[in-house]
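Asks: What shape does this take:
(chains A and B)
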2 protein chains.
Amino acid sequence: MKSYRIAIVGALGAVGQEMLKILDQRKFPFETIKLLDIPSNAGTMVPFGNDYLIVEAAKKGAFSNVDIALFSAGGDASQELAPIAINEGAIVIDNSSAWRMDPTVPLVVPEVNPEDVDWHKGLIANPNCSTIQMLVALKPIHDIFQIQRVVVSTYQAVSGTGQKAIDELRQQAECYVTGKDIIPQVYPYQIGFNALPHIDVFQENGYTKEEMKMVNETKKILDNNVQVSATTVRIPVFRGHSESANIETKKAFDMDEIYTILRNAPGIQVIDDPGNHVYPLPILAEGKDDVFVGRIRKDFTIENGLNLWIVSDNLRKGAALNAVQIAETLIQRSLI
Amino acid sequence: MKSYRIAIVGALGAVGQEMLKILDQRKFPFETIKLLDIPSNAGTMVPFGNDYLIVEAAKKGAFSNVDIALFSAGGDASQELAPIAINEGAIVIDNSSAWRMDPTVPLVVPEVNPEDVDWHKGLIANPNCSTIQMLVALKPIHDIFQIQRVVVSTYQAVSGTGQKAIDELRQQAECYVTGKDIIPQVYPYQIGFNALPHIDVFQENGYTKEEMKMVNETKKILDNNVQVSATTVRIPVFRGHSESANIETKKAFDMDEIYTILRNAPGIQVIDDPGNHVYPLPILAEGKDDVFVGRIRKDFTIENGLNLWIVSDNLRKGAALNAVQIAETLIQRSLI
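Replies: Prediction:
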């Protein structure tokens, strides 16, 4: 079996660390793994298996012996380093939003549009975390009943912002317990015991970038005819994004059909026995690969309406896992 | 000026305590305030002004010298004691769900349907917390543009469950900080750092009672033709419910008209300057009377669509304040 030389760029970040874990857990056929991060982090030793990997500086020349570079270092770093990596011979799978809407770059959720990897030109973009889990749940329904419109409200974990935000929520819990003042740094307001209707920056139309990502990435990945209206909200959860999605389809459906379709769809686990308090929860999604779907209800206010509660680990399926699955898709489709 | 003999039933609960505070803050024209609670709490001294009020047992005979009894003692206590209170001559304003959908009982939000107090037969019901704040925001829009459908997802604080749940969230934060195991008691799962898509009990149709309250109470209070599809979720916030509401109107509107209408509506404060990070937040709503509306956006996916983020203090406008305002409405309309 062929094996591959992998690099993780942004290796010490929350997603980078998760990428490393997932490559190991899924027994990805790697020959070598190179950890790259900002120069000041070079030399950091990261435990891996029974050994350590030593972090190197992400810079020109670092990609000459790399087949696949998994980038999770933010938009600026991607814009600077991805062209270098491609030029040195790597295929880049980028977790930032830098190239997602570039028409020459495939934007891929392997359960939804694996065939789009075929036309890559050296770079494949990993979608936004809240978009990925929503589309894994929508895809099997859309295939049969043609989704026309989605109204989605999100309940997003702080780990989507990165390690600093995880630390901030922890610190704010400590301040609360010890009676100290809470001084927000990562977010404009305290996130502990609060809900912030603000993720990423605001656009002229009043929506945030995060909300518009859900709108635009859905069109690019799933179907240009699917309309999304999104409200994205940060809540004091460490890990696991939740979404309340209201869906309108063109074709009529029975609820039995919806259950069957979701139960048989790839990447989905149906968790829906509310009478026994069985429904998806962010704390139960942590560290898991699936997108959990529950609270599956007919919406009685329109002809073909459906409500879903969709939960997934934002660092795994929402970021690191999806990126690794894109790499696996490249292999499966003999593109590397 | 006439003054009234008031009783608070469930006086030591989170809402009962808030009722007492609000009667004082609003300079409600009371002659006496009687605090009633379960017999085992009788004798408890509650500071009020420069003095103390002594809690008495809520039982037969306790209402003979009461004009208005504000009940917040749960459905069972209301069902047992409200008929007794009415029989002894009090007008009951009940915060439980026991009589809300009884067609002989008015269900009132003073900003929305104050005229419904006119046909009371001794008992007026206070709506569900998440319904009240939503309807205060919807009413002025409905009056002019005729709302047809609302898709709402809630972000509800633990204080909606009562003092025990407030204590539980606090304890879970402590357990987290001190590294102790979290053992949920009030909710079926840990609420700290989690999101529970489960408020009140599940119905046969897959919706919770809380969700169906928003559906049915909206019809009774605002307009039988308004369709609501609701998903209600508990999040780790102490106080202040937030709601992401997607609205479809029959008549076309300009966004300028929506802003003007909301800015001039009673009980609403528009907080909407996202570029400067100005939007409603639960921690900023605590202790306030208004319903805060922000993130006001045209929904581009349908002809007449609108998204709102609606936040209010669930113990005040969602419960205690609305009940006191119903009492004020009785006085204003010379019904007492």
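Asks: Enumerate the residues of the stretch 101-250 of chain A near chain B.
Replies: A:149, A:151, A:153, A:155, A:169, A:173-174, A:176-178, A:188-190, A:193-198, A:202, A:205-208, A:227-229, A:231, A:233, A:235-238, A:242, A:244, A:246 (Cβ under 8 Å from any Cβ of the partner chain). In this view, the C-beta of every residue, glycine as well, is placed from N, C-alpha and C.
Asks: out of these, which are buried?
Replies: Buried residues within those, counting neighbours by 16 or more other Cβ atoms under 10 Å in any protein chain shown: A:149, A:151, A:153, A:155, A:169, A:173-174, A:176-177, A:189-190, A:193-198, A:202, A:206-208, A:227-229, A:231, A:233, A:235-238, A:242, A:244, A:246.
Asks: In helices, which of these appear?
Replies: A:Leu169, A:Ala173, A:Glu174, A:Tyr176, A:Val177 (DSSP state H).
Asks: Do you have the strands of the stretch 1-150 of chain A handy? List them.
Replies: Secondary structure of the stretch 1-150 of chain A (DSSP state E, counting those that start in this stretch): strands located at A:4-9, A:30-37, A:45-48, A:51-54, A:56-57, A:68-71, A:91-94, A:123-125, A:147-155.
Asks: Can you say which of those is packed in most?
Replies: Among these, strand A:68-71 has the highest mean neighbour count (mean count of other Cβ atoms under 10 Å in any protein chain shown), at a mean of 29.
Asks: Now do the buried residues in stretch A:179-186.
Replies: A:Ile182, A:Val186.
Asks: First-to-last residue distance for that stretch?
Replies: The straight-line separation of the ends of stretch A:179-186 (Cα to Cα, to the nearest Å) is 20 Å.
Asks: contacting residues around that stretch?
Replies: Here stretch A:179-186 makes contact (Cβ atoms under 8 Å, 6 or more residues apart in numbering or on different chains) with A:Thr161, A:Lys164, A:Ala165, A:Glu168, A:Gln172, A:Glu174, A:Cys175, A:Tyr176, A:Gln190, A:Ile191, A:Gly192.
Asks: what about 6 Å?
Replies: Contacts to stretch A:179-186, defined as Cβ atoms under 6 Å, 6 or more residues apart in numbering or on different chains, come from residues A:Lys164, A:Ala165, A:Glu168, A:Gln172, A:Cys175, A:Gln190.
Asks: Three-state assignment for the first one, please.
Replies: Same thing as A:Lys164. helix (DSSP: H, G, I helix; E, B strand; the rest coil).
Asks: Distance of it relative to A:Asn95?
Replies: Distance, A:Lys164 to A:Asn95, using Cβ to Cβ, to the nearest Å: 17 Å.
Asks: higher neighbour count, those two?
Replies: Remark: of A:Lys164 and A:Asn95, A:Asn95 carries more neighbours, 30 against 12, as counted by other Cβ atoms under 10 Å in any protein chain shown.
Asks: show me the contacts for that one.
Replies: Counted by Cβ under 6 Å, 6+ apart, A:Asn95 has contacts A:Phe71, A:Ser72, A:Asn126, A:Ala319, A:Ala323.
Asks: For the fourth one, which non-adjacent residue is closest in space?
Replies: Distances taken as Cβ to Cβ, 6 or more residues apart in numbering or on different chains place A:Val15 nearest to A:Ala319, at 4.5 Å, with adjacent residues excluded.
Asks: per-residue pLDDT, the residue of the stretch 1-150 of chain A found nearest chain B?
Replies: Closest to chain B within the stretch 1-150 of chain A is A:Arg149: 5.3 Å, counting by Cβ to the nearest Cβ. A:Arg149 is assigned 98 on the pLDDT scale.
Asks: just A:Gly49 next, same as before
Replies: pLDDT, read off for A:Gly49, is 89.
Asks: now it: how far from A:Leu20?
Replies: Distance check for A:Gly49 against A:Leu20: by Cβ to Cβ, it reads 10 Å.
Asks: Between those two, tell me which one has more neighbours.
Replies: A:Leu20 (23 against 8).
Asks: what's near enough to touch the spatially closest residue to that one that is not a sequence neighbour?
Replies: Counting by Cβ to Cβ, 6+ apart, A:Leu20 lies nearest to A:Ile8, which is 6.1 Å off, once chain neighbours are set aside. By Cβ under 6 Å, 6+ apart, the residues touching A:Ile8 are A:Gly16, A:Met19, A:Leu35, A:Leu70.
Asks: Tell me the bridge partners for the third one.
Replies: Translated: A:Leu35. Note on A:Leu35: beta-bridge partners by DSSP bridges are A:Ile8.
Asks: wait, it sits on A:Val55?
Replies: Yes. Using Cβ atoms under 6 Å, A:Leu35 is in contact with A:Val55, at 4.7 Å.
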